[in-house]
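> build me a model:
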Amino acid sequence: MRLVFMGTPDIARKCLQRLVEDGHEIAGVYTKPDTPKNRGMKMEASEVKQYALSVGLPVYQPTRWKSEQTYQTLKALQPELIVVVAYGRILPQRVLDIAPRGAINLHASLLPQLRGAGPVQWAVLRGLETTGATVMYLSAEMDAGDMIDRVETPIGPDETYGELLERLGDLGAELLSGTVRRMEAGPVEAVPQDASQATYAPMLTKELSPIDWSQSPQQIHNHVRGMVPWPVATTVLEGKKLKIFRVGLTDLHTDKAPGTPVAVTKQGLQMACGQGEVVTILELQAEGGKRMRAADYLRGHPITIA
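Numbering: from 1, shown residues only. Predicted structure coming up:
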């Protein structure tokens, strides 16, 4: 089938690669403009652009979808179907109407749960045990289109959002491959979403990073997992800001106030949290330092246990 693909991060790259390997004709690839990254602020292409160029696909990076020229350029590609995965741009309705078979989107949740920009992160942050990916038709309302296919997967008890996203990229690419193949063969059935069951997953910000030690150990564990690899959970210990990458649950109790160090062990630093319980910081990073085991950090940076 003749497709136009739109996407930006690695999960989209995996889907595009699978569609190429399936033998579809990719008339054009749309991705967000290059962005400055890292300390040198060097302009860097998206994962989708890098892959598309490596296999000789034409790449388009419009900044405005309301532009008539942008619209006409896409229309001239004459796609039978538009496929969108984590593109990061809102598409006007007339763009969605260009392809005769419509525009479909892979969303990394079991819709209508977790509509929005951060479905994988919030699946972990909210302590869900199951999530998945859904292929739906794009509509004017965000992530509200009729559903075509979906796949479920359990969330590991210690799985970070980055690890889960990696798995969902593979599962989503397989799911999308099957959907496009079925659409190529003929019309497919789509099921409307139950809007009354919808939940929302906004994009993460650094303002969400600080750990609330008054929460339960499980909530803190979920918070830390849901922040890796970005923006990473943080706390302040003896005046130093630390990034926290991994914590462990315990069956210990304490009468110390939440956020107070309880003990230094071979595993790391035990911290008091909500409900008089204790959680262990296992992996951290100090400002200007490298990510390391908390036990190793504490050997060089002893703290006072009151």
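> and Asp296, backbone torsions?
Backbone torsions of Asp296, given as degrees, to the nearest 10, read phi -70, psi -40.
> could you measure from the spatially closest residue to Met142 that is not a sequence neighbour over to Thr134?
Once flanking residues are discounted, Met142 sits nearest to Arg115: 6.2 Å by Cβ to Cβ, 6 or more residues apart in numbering. (Glycine included, C-beta is placed from N, CA and C.) To Thr134, Arg115 is 10 Å away according to Cβ to Cβ, to the nearest Å.
> in contact with the closest residue to Arg101 other than its chain neighbours: list those residues for me.
In this structure, Arg101 finds its nearest non-sequential neighbour in Leu81, 4.3 Å apart by Cβ to Cβ, 6+ apart. Counting by Cβ atoms under 8 Å, 6 or more residues apart in numbering, Leu81 touches Met1, Arg2, Leu3, Val4, Ala99, Arg101, Gly102, Ala103, Ile104, Val180, Met183.
> in this structure, which strand has the most residues?
Identified as the longest strand of the chain according to DSSP state E is strand 240-253.
> sheet-wise, list the partners of it with their directions.
Strand pairing for strand 240-253, determined by DSSP bridges: strand 233-237 (antiparallel), strand 277-286 (antiparallel).
> need the contact partners of the longest one.
Applying Cβ under 8 Å, 6+ apart, the set of residues contacting strand 277-286 from outside is 216-217, 220-221, 232, 240-250, 252-254, 262, 265, 267-273, 291-294, 297, 301.
> in PyMOL, how would I select just the buried ones from these?
Selecting only the buried entries of the contacts of strand 277-286 in PyMOL, with 16 or more other Cβ atoms under 10 Å as the criterion:
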select buried, resi 217+220+221+232+242+243+244+245+246+247+248+249+250+254+262+268+269+270+271+272+273+293+294+297
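> pop the domain breakdown of the chain in here.
2-197, 206-300 (automatic domain parsing).
> present those domains as TSV; the columns should include mean pLDDT and distance to Ala306.
As requested, the domains of the chain are arranged in TSV below (pLDDT from 0 to 100; distance: least, Cβ to Cβ, whole Å):
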stretch	mean pLDDT	distance to Ala306
domain 2-197	96	30
domain 206-300	97	7
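> contacts for the longest helix along the chain?
In terms of residue count, the longest helix belonging to the chain (DSSP state H) is helix 161-185. With contact meaning Cβ under 8 Å, 6+ apart, helix 161-185 is reached by 1, 3, 10-11, 14-15, 17-19, 22, 24, 81, 83, 85, 101, 104, 106, 108, 120-121, 123-125, 131-133, 135, 148-151, 153, 155-156, 188, 225-229.
> next one: stretch 46-60
With contact meaning Cβ under 8 Å, 6+ apart, stretch 46-60 is reached by 5, 7-10, 12-13, 16-17, 20, 26-32, 34, 45, 61, 73-74.
> what about those residues, which are in strands?
Reading strands off these with DSSP E, I get Phe5, Gly7, Ile26, Ala27, Gly28, Val29, Tyr30.
> relative to Gln78, how far out is the second one?
Taken as Cβ to Cβ, the spacing of Gly7 relative to Gln78 amounts to 20 Å.
> surely Phe244 is in contact with Val232?
Slight slip there: residue 244 is Ile, not Phe. Yes. If you go by Cβ atoms under 8 Å, Ile244 and Val232 touch, sitting 7.3 Å apart.
> pretty sure Lys206 sits against Pro231.
Yes. In this structure, Lys206 is within contact of Pro231 by Cβ under 8 Å, at 4.6 Å.
> which one of these two has more residues nearby?
Shown here are Lys206 and Pro231; by other Cβ atoms under 10 Å, Pro231 has more neighbours (15 against 11).
> name the SS class of the more buried one, please.
Per DSSP: H, G, I helix; E, B strand; the rest coil, the local secondary structure of Pro231 is coil.
> ok, the spatially closest residue to Ala12 that is not a sequence neighbour to Leu138 distance?
Sequence neighbours aside, Val85 is the residue nearest to Ala12 in space, at 4.0 Å (criterion: Cβ to Cβ, 6+ apart). According to Cβ to Cβ, Val85 and Leu138 sit 11 Å apart.
> quick one: which of these two has more around it?
Ranked by neighbour count (other Cβ under 10 Å), Val85 and Leu138 place Val85 first, with 28 against 23.
> my guess is that one meets Gly7, correct?
Yes. The criterion here is Cβ under 8 Å, and Val85 meets it with Gly7 at 4.1 Å.
> which residues are common contacts for those two?
Cys15, Leu16.
> if we can go back for a sec, of the ones in strands among the contacts of stretch 46-60 - the most surrounded one?
Highest neighbour count within the ones in strands among the contacts of stretch 46-60: Gly7, with 29 neighbours (other Cβ under 10 Å).
> I appreciate the help and will end here.
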